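Peer 1: coords below, sequence missing:
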């Protein structure tokens, strides 16, 4: 059996598009790229894109406070990153063989009901009995769970796993290469020593890339 730690936002749920729309609605200003507009899918090229676009710290904080209000169910209503049909199909396939793959969805989402909303979102998208863990330090949690793989789109989480390898963190990681990870990917691909400490893979954030990843994980679990 393989134990997998799987991120939610940026891998399955479209946080960036939803948060940009929230900022637009609250501030009555669209400061995102002119090429996409406020209703298109948003794939930023920087992690801290809200500030880069020109939204103030006060505006961003106000949006986060709204997200954290339990009555809003904001996390529960996030759009799926790959469309409803494909997201459900992929998640069902990922979690359909619990004897082969033990999947934990690990997220740093804030809010008192963030975990319950995440569970509800996953059930709506095809996962019968999701394991959702809220944790800001994914490296330490990955070590505690003795994960074989961590799948994430945030560079910092991969680096945390590198730091925790001596304490049992996974030696294998999959970075979902969103546009905001591009510069890090180029730098790390040139550093051969990284691969002596961790088996690092790169997966494109689309249906074909995730399909191939799930198929390979299932095959590896049986070997």
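Peer 2: Right, received. Where do you want to start? Since we're looking at a predicted model, the values are computed, not measured.
Peer 1: residue boundaries of the strands in this protein?
Peer 2: According to DSSP state E, the chain carries its strands in the segments 2-6, 101-107, 132-134, 149-152, 172-176, 199-203.
Peer 1: and the angle for the longest one with strand 2-6?
Peer 2: Read it as strand 101-107. Taking axes from the mean of the first three to the mean of the last three C-alpha atoms, to 10 degrees, one finds that strand 101-107 is oriented at 20 degrees with respect to strand 2-6.
Peer 1: what mean pLDDT does strand 101-107 get?
Peer 2: Strand 101-107 shows a mean pLDDT of 96 in the predicted model.
Peer 1: partners of that strand in the sheet?
Peer 2: Note on strand 101-107: by DSSP bridges, its sheet partners are strand 2-6 (parallel), strand 132-134 (parallel).
Peer 1: give me whichever of those is most buried.
Peer 2: Using mean count of other C-beta atoms under 10 Å, the stretch among these with the largest mean neighbour count is strand 2-6, at a mean of 22. All C-beta spots, glycine's among them, are computed from the backbone N, C-alpha and C.
Peer 1: can you give the contact residues for that strand?
Peer 2: Contacts made with strand 2-6 from outside it, assessed by C-beta atoms under 8 Å, 6 or more residues apart in numbering, are listed as 12, 94, 100-106, 138, 141-142, 145-152, 170, 217, 220-221.
Peer 1: how's this structure carved up into domains?
Peer 2: Listed by automatic domain parsing, the domain ranges of the chain are 2-13+77-222, 15-73.
Peer 1: would you mind finding the most buried of those?
Peer 2: Each of the domains of the chain was assessed for mean neighbour count using mean count of other C-beta under 10 Å. The highest is domain 2-13+77-222, with a mean of 18.
Peer 1: specify the beta-bridge partners of residue 176.
Peer 2: Under the criterion used here (DSSP bridges), residue 176 is bridged to residue 203.
Peer 1: which ones are touching it?
Peer 2: Contact partners of residue 176, counting by C-beta under 8 Å, 6+ apart, are 7, 10-11, 151-153, 203-205, 209.
Peer 1: switch to 7 Å and redo it
Peer 2: 10-11, 151-153, 203, 205 (C-beta atoms under 7 Å, 6 or more residues apart in numbering).
Peer 1: where does the prediction get shaky in this structure?
Peer 2: Counting by pLDDT under 70, the low-confidence segments of the chain come to 35, 37-40, 165, 167-170, 183-198.
Peer 1: ok so, going back, okay if I get the strands of the chain as CSV plus distance to residue 158?
Peer 2: Putting these into CSV (distance: least, C-beta to C-beta, whole Å) gives the following:
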stretch, distance to residue 158
strand 2-6, 11
strand 101-107, 13
strand 132-134, 17
strand 149-152, 6
strand 172-176, 5
strand 199-203, 7
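Peer 1: to residue 59, which of these lies closest?
Peer 2: Each of these was scored for nearness to residue 59 using C-beta to C-beta, and the closest is strand 101-107 (23.6 Å).
Peer 1: and the contacts of that closest one?
Peer 2: Strand 101-107 is contacted by residues 1-9, 94-95, 118, 122, 130-135, 138, 141, 145, 217-218, 221 when judged by C-beta under 7 Å, 6+ apart.
Peer 1: 6 Å instead?
Peer 2: Contacts of strand 101-107 with the rest of the structure, by C-beta atoms under 6 Å, 6 or more residues apart in numbering, involve 1-6, 8, 95, 130-133, 135, 138, 221.
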